[in-house]
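Trainee: Got a sequence here, can you build the structure:
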Amino acid sequence: MVVSKHRCKSCESENIVLNGKNKSGSQTYKCKDCGCCRVLISVKKTENIDLDALSKSYEERNSLRSIGRIFGVSHFTVYKLLKKSQIFS
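Mentor: As a prediction, this is how the structure comes out:
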């Protein structure tokens, strides 16, 4: 059996316990030393999005809402990603 040790992000202590799940279903942890509760391993949906495919579908005159439905993110996230890739000025 493999036991993985997590560390608290604020005090770097290994004295943490499971503390249930948040609204989105991510596991939360509580540090017994400093008392902070947080998600230690977060998953971002935008890491897996191909920015080239996103910009090409915008250049093909798809709306931001339709691009969001295609890639599984909100239309505002599509706007932020396009702005970051400098398609919007």
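Trainee: got a pLDDT number for the most centrally placed residue in the chain?
Mentor: Nearest residue to the geometric centre of the chain (CA atoms, centre = their mean): K44, 2.1 Å. pLDDT recorded at K44 is 74.
Trainee: what's the spacing between it and V73?
Mentor: Distance of K44 to V73, given as CB to CB, to the nearest Å: 10 Å. To be clear about C-beta, it is placed using only N, CA and C from the backbone, and glycine gets the same treatment.
Trainee: Surely Y29 is within a strand?
Mentor: Yes: checked against DSSP: H, G, I helix; E, B strand; the rest coil, Y29 lies within a strand.
Trainee: what is it paired to in the beta sheet?
Mentor: With DSSP bridges as the criterion, the beta-bridge partners of Y29 are L18, R38.
Trainee: can you pull the contacts of it?
Mentor: Neighbour list for Y29: H6, C8, I16, V17, L18, N19, C37, R38, V39, L40 [criterion: CB atoms under 8 Å, 6 or more residues apart in numbering].
Trainee: Please apply the same query to V39.
Mentor: For V39, the contact set (CB under 8 Å, 6+ apart) comprises N22, S26, Q27, T28, Y29.
Trainee: Domain ranges for the protein, per the record?
Mentor: 1-43, 45-84 (automatic domain parsing).
Trainee: Please work out which of those domains is packed deepest.
Mentor: domain 45-84 (a mean of 14; mean count of other CB atoms under 10 Å).
Trainee: what about that one, start to end distance?
Mentor: Terminal residues of domain 45-84 are spaced 16 Å apart (CA to CA, to the nearest Å).
Trainee: just stretch 49-66 next, same as before
Mentor: End-to-end distance (CA to CA), stretch 49-66: 15 Å.
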